[in-house]
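Trainee: All I have is the shape, not the residue letters:
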């Protein structure tokens, strides 16, 4: 069976070691406040957003008996937006139209599968009925942030100082660029059942071409160079879908050459930049 991700333990860390496994009560609901930033093409972009989220499993399953193995099937989780406002701004606040448009994001949701190893996949964004379709990239960015801050867990006991690498495929929100993603998670400390982790991310283009929608159909650009890295910190506990505290940033810069360009034209590269922050 094709596994969409690979988890490789590089160092199991010091004793005492324990098996990390999510044990979320399927009937529980988690309320999360997230500050999300998405900038495309340079410093401009939306100001940071304050999102209220309600996260819960779609169908409450029977709780596994104490000591029983976790079910092999993934859990479908829904993160629903309960509020969306701009983070604090200068005097005068946001333009009313923007504040109104963001308020209509309420009710939008992101559904995703969470594997027994705590890996996020199959994300399906659903914009609220009255929301502006132009806000779709924000849902994609929310999905990228959730995936970035949800640590896939190794299948062997680990302790403080342990680190493991997760390899998977992802699509960069804002650029719709498929990438091969490498994340290294490290256990900084363990206090009770709360594990403090750091994460370093590197992303590489899957192919040499990027298809973008144009006025006369799709335009294919050649990716000349791609540089993407990110880092973050988070606290994880077995009883939660979302981290207790988290702070992460992810940057991508790609040099794109227009179709059929050669010589002088090829020098007219455009730069695609995407920056995602979440806390």
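Mentor: Perfect, thanks for sending it. These numbers come from a predicted model, not from an experiment.

Trainee: which residues of this structure fall in strands?
Mentor: 5-11, 29-40, 49-57, 75-86, 109-114, 120-126, 163-172, 177-191, 194-205, 209-214, 217-236, 246-257, 270-278 (DSSP state E).

Trainee: right, so of those, which gets closest to residue 103?
Mentor: Taking Cβ to Cβ, strand 75-86 is the member of these nearest to residue 103, at 6.7 Å. Backbone N, C-alpha and C define where each C-beta goes, glycine included.

Trainee: Direction included, what does the closest one pair against?
Mentor: Strand 75-86 has its sheet partners listed here by DSSP bridges as strand 49-57 (antiparallel), strand 109-114 (antiparallel).

Trainee: Turn those strands into a markdown table, including mean pLDDT and distance to residue 258.
Mentor: Converted to a markdown table, the strands paired with strand 75-86 look like this (pLDDT from 0 to 100; distance: least, Cβ to Cβ, whole Å):
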| stretch | mean pLDDT | distance to residue 258 |
| --- | --- | --- |
| strand 49-57 | 91 | 33 |
| strand 109-114 | 93 | 34 |
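
Trainee: so which of the strands of the chain gets nearest residue 99?
Mentor: Nearest of those to residue 99, taken as Cβ to Cβ: strand 75-86 at 6.8 Å.

Trainee: So what angle separates the directions of the closest one and strand 29-40?
Mentor: If you take axes from the mean of the first three to the mean of the last three Cα atoms, to 10 degrees, strand 75-86 sits at 60 degrees to strand 29-40.

Trainee: Centre of the chain to strand 75-86, how far?
Mentor: 13 Å (Cα atoms, centre = their mean, to the nearest Å).

Trainee: In that strand, which residues are buried?
Mentor: 75, 77, 78, 79, 80, 81, 82, 84, 86 (16 or more other Cβ atoms under 10 Å).

Trainee: who touches that strand?
Mentor: Strand 75-86 is contacted from outside by 24, 26, 31-32, 46-59, 61, 93-94, 98-99, 102-103, 105-114, 128, 142, 146, 241-242, using Cβ atoms under 8 Å, 6 or more residues apart in numbering.

Trainee: Can you add distance to residue 152 and give the strands of the chain back as CSV?
Mentor: Formatted as CSV, these follow (distance: least, Cβ to Cβ, whole Å):
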stretch, distance to residue 152
strand 5-11, 5
strand 29-40, 19
strand 49-57, 17
strand 75-86, 14
strand 109-114, 10
strand 120-126, 8
strand 163-172, 5
strand 177-191, 8
strand 194-205, 11
strand 209-214, 27
strand 217-236, 11
strand 246-257, 15
strand 270-278, 17
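
Trainee: Nearest to residue 156 among those strands would be which one?
Mentor: Closest approach to residue 156 among these is made by strand 5-11 (5.9 Å; Cβ to Cβ).

Trainee: mind listing what the closest one pairs with, with the direction of each?
Mentor: strand 163-172 (antiparallel).

Trainee: Pull the distance from the strand it pairs with to the chain's centre.
Mentor: 11 Å.

Trainee: ok, residues contacting it?
Mentor: Under Cβ under 8 Å, 6+ apart, the answer for strand 163-172 is 4-11, 13, 119, 140, 144, 147, 151-152, 154, 158, 177-187, 203, 206, 228, 252, 274.

Trainee: Please identify the buried residues of that strand?
Mentor: Burial within strand 163-172, assessed by neighbour count using 16+ other Cβ under 10 Å, is assigned to 163, 164, 166, 168, 170, 171, 172.
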